[in-house]
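Chemist: I'd like to go over a predicted model; first the sequence, then the structure.
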Amino acid sequence: MSIHVPLPLPLPLPTHPEQASPPPALSEKEQTLYNLVLEHFSAAEYRLPGIPQKKSTLMVDEKFWLSYECLLRYLRATKWDANEAIKRLEDTLKWRRDFGIYDKITPEHVEPEATTGKEFLFGYDTYGRPALYMCPSKRNTEESPRQIHYVVWILERAIDLMGPGVETLALMINYADESKNLSIGRARTVINILQTHYPERLGLALVAHLPWLLHAFYKLITPFIDPLTRLKMVFNPVINESGIFRTAGDAEAWSADSASASRVFELEQLVQEGWNGTQPFTYSHDIYWEALVKLCEERRSRMIAVWHRIGGKVGTKEWEVKVAVRDETMNTQLVDVEKAPTENGQLQS
């Protein structure tokens, strides 16, 4: 008899969580460069430069953000230039304060941007990356700083929901029913923020139903997109009864019995609208918003609690924190199942 445990709204669980693996070992040179960056931010006398003395000490949230994987993302983004990585990390630390990540950009502040479901999180790709859906046709507000705030806020929530061994997200942009495009200025602002302050965070960008008129817009903003980021962008991917594929060749080569990694999304992780998935997801703001905010706040609270428990230091591995949270969650679910209501001594299916 099967036991149905409710999935945590608003996301189905990753299909292949067992594929997660810890960060690979560094080479001797990489380890030396990493140690330089770690020692810089771990020093007892460290103060964030360019900040008034009273506020220059790193906050708990900032130390939590400066994880092992975070330092490596910036090192990779700077081609292993330790000094440049330190500079970029400090620039981002200051930007996060100035932008309001820790105080201004709250759920209450950005909620007016979310009411139509123009951007939402749902499901994971075959690599366990959370999917961030963008639906330009559902825009409900005029261009303003708050629109940018919402993009950053929901990106931060995608990061909250990344499982062990996952550092990137899958961006899903659906241009169906869309006749207007973003201004170049706003697009450049978003691109600059993502490339400067969220390096190595984009795993894949699928742009579906892109009309030929908007190809010109993407050509205009392409010069502002990092070459490595461009390689992760797939325009009008193949969507069929087996899932989503980058190209027609990948779709033709794939079979359920093969070990091919060409399929990037399985149908049960996709919404029906615009993506032909099997999930009959319809954005209902009153239900979805509360569930998302609660899910992310609880998960982040658990991660910070674990981080404190295992040392609470700069350079703590996200892998260790997330594995501990995953194991705690699984244990809690098992207890909940054991306490499930029974009828005549039998668990309900």
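Modeler: Yep, that arrived.
Chemist: Identify the residues contacting T222.
Modeler: The neighbours of T222, taking Cβ atoms under 8 Å, 6 or more residues apart in numbering as the test, are R230. Glycine gets a C-beta too; all of them are placed from N, C-alpha and C.
Chemist: so what's it scoring on pLDDT?
Modeler: What the model reports as pLDDT for T222 is 76.
Chemist: What of Q19?
Modeler: pLDDT, read off for Q19, is 68.
Chemist: do E178 as well
Modeler: On the pLDDT scale, E178 gets 62.
Chemist: from now on call the first residue 52
Modeler: I'll keep to 52 as the first residue from here, and by that count the last item is E229.
Chemist: what residue ranges in the stretch 152-301 of the chain score low on pLDDT?
Modeler: 229-235, 264-265, 267 (pLDDT under 70).
Chemist: where along the stretch 152-301 of the chain do the strands fall?
Modeler: Using DSSP state E, counting those that start in this stretch, the strands of the stretch 152-301 of the chain run over 170-175, 181-185, 220-225, 253-259, 284-286, 289-291, 294-296.
Chemist: quick one: the helices in the stretch 252-400 of the chain?
Modeler: With helices called from DSSP state H, counting those that start in this stretch, the stretch 252-400 of the chain shows them at 263-272, 278-282, 299-304, 336-360, 369-389.
Chemist: same check, this time on the stretch 52-201 of the chain
Modeler: 79-93, 111-116, 119-128, 133-150, 158-161, 196-211.
Chemist: who wins for proximity to P278 among those helices?
Modeler: helix 119-128 (12.7 Å; Cβ to Cβ).
Chemist: Pull the residues that contact stretch 141-158.
Modeler: 99-102, 109-110, 112-113, 116, 125, 200, 203-204, 207, 247-248, 340, 344.
Chemist: same check, this time on stretch 109-122
Modeler: With Cβ under 8 Å, 6+ apart, stretch 109-122 has contacts from 74, 85, 88-89, 92, 97, 99, 136, 140, 144, 147, 153, 218, 354-355, 358, 363-370, 372.
Chemist: repeat that with 6 Å
Modeler: V88, F92, L144, Y153, E218, I355, W358, V365, G366, T367, K368, E369 (Cβ atoms under 6 Å, 6 or more residues apart in numbering).
Chemist: could the helices of the stretch 252-400 of the chain go into CSV alongside distance to F316 and mean neighbour count?
Modeler: Output for these, formatted as CSV (distance: least, Cβ to Cβ, whole Å; neighbours: other Cβ atoms under 10 Å):
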stretch, distance to F316, mean neighbour count
helix 263-272, 22, 12
helix 278-282, 19, 11
helix 299-304, 12, 14
helix 336-360, 20, 16
helix 369-389, 22, 15
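Chemist: Could you identify which of those helices has the lowest mean pLDDT?
Modeler: With a mean of 70, helix 263-272 has the lowest mean pLDDT of the helices of the stretch 252-400 of the chain.
Chemist: And that one, how far out from the chain middle?
Modeler: 26 Å (Cα atoms, centre = their mean, to the nearest Å).
Chemist: same thing with stretch 199-213?
Modeler: Counting by Cα atoms, centre = their mean, stretch 199-213 comes out at 7 Å from the chain centroid.
Chemist: Report the buried residues of it.
Modeler: Neighbour-count burial for stretch 199-213, counted by 16 or more other Cβ atoms under 10 Å, picks out 199-206, 208-213.
Chemist: And I361, its phi and psi?
Modeler: Dihedral angles of I361 (phi, psi; degrees, to the nearest 10) stand at phi -100, psi 10.
Chemist: contacting residues for it?
Modeler: Applying Cβ under 6 Å, 6+ apart, no residues qualify as near I361.
Chemist: With K283 instead?
Modeler: The neighbourhood of K283, defined by Cβ under 6 Å, 6+ apart, consists of L253, L255, A256.
Chemist: Would you mind measuring from it to L220?
Modeler: K283 sits at a distance of 11 Å from L220 (criterion: Cβ to Cβ, to the nearest Å).
Chemist: likewise S352?
Modeler: S352 is 21 Å from L220, by Cβ to Cβ.
Chemist: Repeat that for W204.
Modeler: Distance from W204 to L220, by Cβ to Cβ: 14 Å.
Chemist: likewise Y339?
Modeler: 18 Å.
Chemist: right, and the strands of the stretch 152-301 of the chain - which one's nearest S335?
Modeler: strand 170-175 (10.6 Å).
Chemist: Okay, buried residues for that closest one please.
Modeler: Buried residues in strand 170-175 (16+ other Cβ under 10 Å): E170, F171, L172, F173, G174, Y175.
Chemist: quick check, nearest of those residues to A238?
Modeler: E170 (14.7 Å).
Chemist: Is it correct that the closest one is in contact with I205?
Modeler: Yes: the criterion here is Cβ atoms under 6 Å, and E170 meets it with I205 at 5.4 Å.
Chemist: burial count for I156?
Modeler: Neighbourhood size, I156 [other Cβ atoms under 10 Å]: 18.
Chemist: Adding distance to G300, write the buried residues of stretch 199-213 out as JSON lines.
Modeler: Output for the buried residues of stretch 199-213, formatted as JSON lines (distance: Cβ to Cβ, whole Å):
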{"residue": "I199", "distance to G300": "37"}
{"residue": "H200", "distance to G300": "40"}
{"residue": "Y201", "distance to G300": "37"}
{"residue": "V202", "distance to G300": "33"}
{"residue": "V203", "distance to G300": "36"}
{"residue": "W204", "distance to G300": "38"}
{"residue": "I205", "distance to G300": "33"}
{"residue": "L206", "distance to G300": "31"}
{"residue": "R208", "distance to G300": "34"}
{"residue": "A209", "distance to G300": "29"}
{"residue": "I210", "distance to G300": "32"}
{"residue": "D211", "distance to G300": "36"}
{"residue": "L212", "distance to G300": "32"}
{"residue": "M213", "distance to G300": "30"}
